[in-house]
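>>> need coordinates for the below:
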Amino acid sequence: MGSTCGTLNVHETAVVTTWTDKEIRHGPASCYCYIPGINSVDVSSMPILKVHECALVEDTRDPSKSKYIYGPTLFRAEHAYQRIGPILKMPVLDQNDYVIITDKSGNKRIESGPKVVQLVFGETVSDVKEAINLGVNEWIALLDKANNANPIRHIRGPAKVYPTPYEEVVADESRNVVRKCVEVNDATALWLKQPDGQVILIDEPQAYMPKVGERVEMSIKKTLLKESEFCIMIMPSGQNVLRLGSKPEQRAFFLPPFHRFLPFKMGQIQLDSFHCLPDFIPLSFTIRTSDNVQVKVDMRVSFQVYDPELYTKKPVDFYTQISYWVQNELLDAFAQQNFRDFLKHYAACARGVSEASHATFSQYGIKILDVQLIHFACLDPDTQKLLDQDIITRVTKQNELLAKEADIDIMKREKEVQMQKMDIDFERSIKENNMLLKKKELDVSLRVAEVDLQIQEEKKRTELMRIKKENVVSEAAFEGEAQGKAIAAFLAALPADVGSEQRVQLWNKLRDLEKSAMIYSKVDSVQICPEGTDLRKFEIHYDAGSAQYMEKNPMLLPSILGYSGDGGAAMNPGAASSRGSSSASGKKK
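So this is what the prediction gives:
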């Protein structure tokens with residue numbers, strides 16, 4: 001084979017095969033020629049790897065040197081024995097993604113995002129998987145196939161779970177991977193089966209996640225009893241346990257494991273608890289009297305469980321037992337009577353049945369309170385028609401009798417009311433008389449007290465007058481004695497040449513001066529005039545208008561007082577009265 005010539009463009013590669021070897025040429029190159037022994041030339045484009053792309057480069061001469069290359073890059077073979085495989089997308093993991101990578105030794109590992117996984121030669125990668133996000137009070141169960149000691153583990157949220165390469169998620173019976181924690185609160189509890197087979201009660205409020213090997217058998221509600229209610233629990237041993245609502249410590253509880261309630265059947269209804277209050281059972285059956293009259297009766301049997309402790313010792317299906325027993329007793333009683341006696345005495349028969357029931361049901365803590373006939377009807381239409389007519393007649397007579405009795409009762413009540421009114425009036429008059437008597441007694445007591453006070457006051461006043469009299473006498477005696485001593489001292493102090501008459505005159509003058517001083521101390525001003533002076537005193541009265549006029553004309557005053565031009569011999573009373581109702585009067589002293 002001759003030589004071959006050619007050119008290589010950019011991003012082109014040529015593999016030249018000769019007789020003995022291979023070699024590679026990369027473009028751009030002008031030519032390759034005159035290579036002796038050329039067998040073939042393979043020209044190809046260089047692979048371009050983009051971002052997040054990879055390719056396996058195999059070394060056919062030395063496989064141990066095979067490797068992955070990653071983009072972005074342009075692959076240029078190092079020698080002619082390198083081969084590039086198909087371009088692959090590298091796994092791009094988000095924040096919740098992960099992959100399982102298996103190396104050439106068989107070991108596995110987890111690669112979690114966010115990242116781009118770059119493979120190594122000899123490794124294999126699984127499909128992208130999503131991590132398990134657990135919220136609050138959520139959990140999952142994981143089975144580890146590589147762990148023989150503890151293959152199962154539980155993980156509780158909040159958490160993000162990446163299962164290990166050998167773990168797988170265990171789903172529940174409903175094929176739910178993520179499970180909810182079981183809520184335990186004041187109204188709900190759990191029966192929990194433990195790995196050793198024991199079943200315990202979990203009643204502490206929480207969000208419970210079962211441990212490995214545990215299983216929730218049942219979620220139970222709290223039993224709440226009213227004060228008049230009771231219930232009976234049957235233990236695994238078969239013993240009955242009574243719970244009373246009348247006891248506060250037994251009023252609210254959770255049913256223990258493997259316990260169950262003794263059911264109370266009321267017809268088609270089944271109850272877990274019953275009450276101690278009166279209740280009733282409806283009955284409907286057909287009786288036949290001794291004169292072969294068939295009557296359908298509707299009855300109501302009132303009963304009561306009065307002793308729960310006694311009933312717990314001997315529990316019975318009281319609904320069925322009471323129904324059958326009352327029905328048998330009434331059938332036997334009515335079968336011995338004809339129809340007319342039945343109409344007259346059915347109430348007495350019912351009372352007899354209720355009284356006879358005590359001996360039968362008292363041992364169970366049950367008593368029948370009353371048996372009432374609610375309705376009855378004859379099965380034969382003709383008999384029923386006669387019965388209706390008889391009932392109408394009886395009802396009419398009974399109504400008339402009741403009306404008369406009502407009238408009599410009204411008259412009795414009116415008389416009683418009148419008697420009560422008279423009694424009330426009598427009692428009121430007695431009370432009023434008593435009140436008047438008490439008032440008079442109080443008035444007399446007050447008067448007596450006032451007289452006593454007046455007597456005491458007069459006695460005190462007499463005593464006061466006596467004391468005042470004694471004080472006046474004593475004071476006069478003291479003053480007389482002092483006056484005598486003063487006169488004696490005054491006379492003794494005068495010179496000896498002063499005669500007795502002069503002494504007396506001096507003493508009198510001294511007393512006159514003391515009297516004048518006392519008078520002067522009692523008045524605001526004193527006018528002293530010579531003896532024989534002619535004095536006149538005038539009192540002038542006028543109103544406010546005349547006072548203002550006199551203030552403006554003071555010179556009119558002498559004329560008003562009688563001192564005009566004639567020396568006061570004549571006064572003009574009209575002038576004085578024309579000045580605003582003035583008046584003047586004169587007195588001579």
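>>> who's in contact with the closest residue to D307 other than its chain neighbours?
Counting by CB to CB, 6 or more residues apart in numbering, G365 is the residue found nearest to D307 once chain neighbours are left out, at 3.3 Å. The C-beta positions use only the backbone N, C-alpha and C, and glycine is treated the same way. Going by CB atoms under 8 Å, 6 or more residues apart in numbering, G365 touches V305, Y306, D307, P308, E309, L310, Y311, K314.
>>> nearest to S474 among those?
Here the nearest of these to S474, counting by CB to CB, is Y306; it sits at 102.6 Å.
>>> the closest one and M266, how far apart?
Applying CB to CB, to the nearest Å, the value for Y306 to M266 is 17 Å.
>>> again with C349
26 Å.
>>> more neighbours, these two?
Counted by other CB atoms under 10 Å, C349 and M266 do not tie: C349 has more neighbours, with 20 against 12.
>>> so the more buried one: helix, strand or coil?
helix (DSSP: H, G, I helix; E, B strand; the rest coil).
>>> confidence score at it?
We have a pLDDT of 84 for C349.
>>> with A569 instead?
In this model, A569 carries a pLDDT of 43.
>>> quickly list what I69 is bridged to.
Legend: beta-bridge partners of I69 under DSSP bridges are A55.
>>> wait, I meant V41
Beta-bridge partners recorded for V41 (DSSP bridges): V16.
>>> on that earlier part again, out of the contacts of G365, who has the most neighbours?
In terms of neighbour count, Y311 stands highest of the contacts of G365 at 24 neighbours, by other CB under 10 Å.
>>> next, the spatially closest residue to that residue that is not a sequence neighbour: phi, psi?
With sequence-adjacent residues excluded and distances taken as CB to CB, 6+ apart, Y311 is closest to G365, at 3.9 Å. Per-residue torsions, G365: phi 80, psi 20 (degrees, to the nearest 10).
>>> give me the three-state assignment for I110.
strand.
>>> per-residue confidence at it?
Value listed for I110 in the pLDDT field: 87.
>>> for L143, what are its contacts?
So L143 contacts P151, I152, E167, E168, V169, V170 (CB under 8 Å, 6+ apart).
>>> okay, now the sheet partners of the strand or helix carrying it, with direction.
In this assignment (DSSP states H and E), L143 forms part of strand 138-144. In the sheet, strand 138-144 lines up against strand 152-156 (antiparallel), strand 167-170 (antiparallel), strand 179-180 (antiparallel) (DSSP bridges).
>>> after the shortest one comes which helix or strand?
Same thing as strand 179-180. Following strand 179-180 in sequence order, the next helix or strand is strand 182-184 (DSSP H and E).
>>> give me the helices and strands touching the helix or strand following that next one, please.
Following strand 182-184 in sequence order, the next helix or strand is strand 188-193 (DSSP H and E). Packed against strand 188-193 by the contact rule (3 or more CB pairs under 8 Å, 6 or more residues apart in numbering; DSSP states H and E) you find strand 199-202, strand 215-221.
>>> for stretch 89-108, buried residues please.
Buried positions in stretch 89-108, judged by neighbour count with 16 or more other CB atoms under 10 Å: M90, P91, L93, D97, Y98, V99, I100, I101, K108.
>>> give me the subset of these lying in strands.
L93, D97, Y98, V99, I100, I101, K108 (DSSP state E).
>>> now do stretch 13-22: distance from first to last residue.
Distance across stretch 13-22, first residue to last, is 13 Å (CA to CA, to the nearest Å).
>>> show the average pLDDT along that stretch.
80.
>>> and stretch 506-518, by the same measure?
Per-residue scores along stretch 506-518 average to 81.
>>> just say which of the helices and strands packed on strand 188-193 is most tucked in.
Stretch with highest mean neighbour count among these: strand 199-202 (a mean of 16; mean count of other CB atoms under 10 Å).
>>> export it as PDB, just CAs?
Taking C-alpha atoms only, strand 199-202 is exported to PDB below (Å, rounded to 0.1, in the frame of the first residue of the first chain):
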ATOM      1  CA  VAL A 199     -49.400  -5.200  77.100                       C
ATOM      2  CA  ILE A 200     -49.200  -2.000  79.100                       C
ATOM      3  CA  LEU A 201     -51.300   1.100  79.300                       C
ATOM      4  CA  ILE A 202     -49.800   4.400  78.100                       C
END
